[in-house]
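Colleague: Below are the sequence and a predicted model for it; my questions follow.
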Amino acid sequence: MKKVAVVLVLLIFAVSAVFAGGAPEADERPDSIVVATDATWPPMQFLNEDREIVGFDIDLMTAIAEAAGFEVEFRNTAWDGIFAGLATGEYDAVISSVTITEERRQNMDFSEPYINAGQVLIVPVDREGVETLEDMGGMTVGAQIGTTGAFAIEDVDGVESATYDEVGLAIEDLAAGRIDGVVADTPVAANYALQNETYAEALKIVGEPFTDEYYGIAVPQGRDALLEMINEGLAQVEADGTIDELTEKWLR
């Protein structure tokens, strides 16, 4: 019986030590972190010709790490399991064009928003005097059917709406002169108007996003020190203009 009692006491002390010391250790500011991203959505994150992960999100996270003084390793991860891996500790954070929603906040924490990826307007490169949908009176503007962009067009008097099964078909019609503009999410617009060789010389993005869809960096709940570290780095790259430079490089 004495042996059993001793074992029980030792177990109690061991468990107490874990609960007393484990949480602070897990919440320490790490020197390096692993960040997951689904590298299939240019220009935010994708694989270049050398199979390297590149894009706006990758440059931003690298700049945040440099500003806050930690190392970062990126891990290409399929979207359908990316949040499950975050919850089980396979990696420390996710930066992958993740929209901040109240539903997601129930299961993870988010950094401060780093970009509004809402709807923007794409027009031919030689179109002048246009910044907003309201400037497109008497013209036809396309969007993917059922999207926020399609609804936004319908809400503007004097603008005719053309809807498509895929936004790429709307872009094709715009480049061919069959419609006058296209509304799409900022990253989608940038991919077609800036990164796609077929359309980069013919199209441009005008104005600012006119709907709100904010992206954030996701971390597991309770990793307060990690979140604070990321937010500190993010604040620095916003203050020194780095994020503006990345916006110009990838999204404008």
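Modeller: Cool, got the structure.
Colleague: end to end, how far does stretch 186-198 reach?
Modeller: 18 Å (CA to CA, to the nearest Å).
Colleague: That one: which residues count as buried?
Modeller: Using 16 or more other CB atoms under 10 Å as the test for burial, stretch 186-198 gives T186, P187, V188, A189, A190, N191, Y192, A193, L194, Q195, N196. Just so you know, the C-beta spots here come from the backbone N, C-alpha and C atoms, and that holds for glycine as well.
Colleague: Looking at these, which is nearest A68?
Modeller: P187 (24.6 Å; CB to CB).
Colleague: so how far is T40 from the closest one?
Modeller: Using CB to CB, to the nearest Å, P187 is found at 12 Å from T40.
Colleague: Can you check the pLDDT for A17?
Modeller: On pLDDT, A17 comes in at 38.
Colleague: now Q221, nearest residue through space, not along the chain?
Modeller: Sequence neighbours aside, D109 is the residue nearest to Q221 in space, at 5.4 Å (criterion: CB to CB, 6 or more residues apart in numbering).
Colleague: which residues sit in contact with that neighbour?
Modeller: A218, V219, P220, Q221, G222, R223, L227 (CB atoms under 8 Å, 6 or more residues apart in numbering).
Colleague: ok, now E28?
Modeller: A225.
Colleague: Surely it forms part of a helix?
Modeller: No - according to DSSP: H, G, I helix; E, B strand; the rest coil, E28 belongs to no helix; its state is coil.
Colleague: pLDDT at it, what is it?
Modeller: Predicted confidence (pLDDT) for E28: 83.
Colleague: For D109, list each beta-bridge partner.
Modeller: D109 has these beta-bridge partners by DSSP bridges: V219.
Colleague: V94 versus that one, what's the distance?
Modeller: 11 Å.
Colleague: tell me, what's touching the two both at once?
Modeller: Joint contacts of D109 and V94 (CB under 8 Å, 6+ apart) are A218, V219.
Colleague: picking up where we left off before, could you identify the buried members of the contacts of D109?
Modeller: The neighbour-count criterion (16+ other CB under 10 Å) marks A218, V219, P220, R223, L227 among these as buried.
Colleague: could I get those residues as CSV with distance to L121?
Modeller: Formatted as CSV, those follow (distance: CB to CB, whole Å):
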residue, distance to L121
A218, 29
V219, 34
P220, 37
R223, 38
L227, 34
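Colleague: Go through those and name the one nearest I115.
Modeller: A218 (14.4 Å).
Colleague: which ones are touching that closest one?
Modeller: F83, L86, A93, V94, I95, V98, R104, M108, D109, F110, S111.
Colleague: Who is the nearest residue to the second one once chain neighbours are set aside paired with across the strands?
Modeller: Translated: L86. Nearest in space to L86, with sequence neighbours left out and distances taken as CB to CB, 6+ apart, is V94 at 5.4 Å. Per DSSP bridges, the residues bridged to V94 are A36, A218.
Colleague: could you pull out the helices for the stretch 51-200 of the chain?
Modeller: 56-68, 82-87, 102-105, 148-154, 167-175, 186-190 (DSSP state H, counting those that start in this stretch).
Colleague: related to what we said a few turns ago, let me have the contacts of D109 in TSV, adding pLDDT and distance to K204 as columns.
Modeller: Output for the contacts of D109, formatted as TSV (pLDDT from 0 to 100; distance: CB to CB, whole Å):
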residue	pLDDT	distance to K204
A218	98	32
V219	98	36
P220	97	40
Q221	95	41
G222	94	44
R223	95	41
L227	97	37
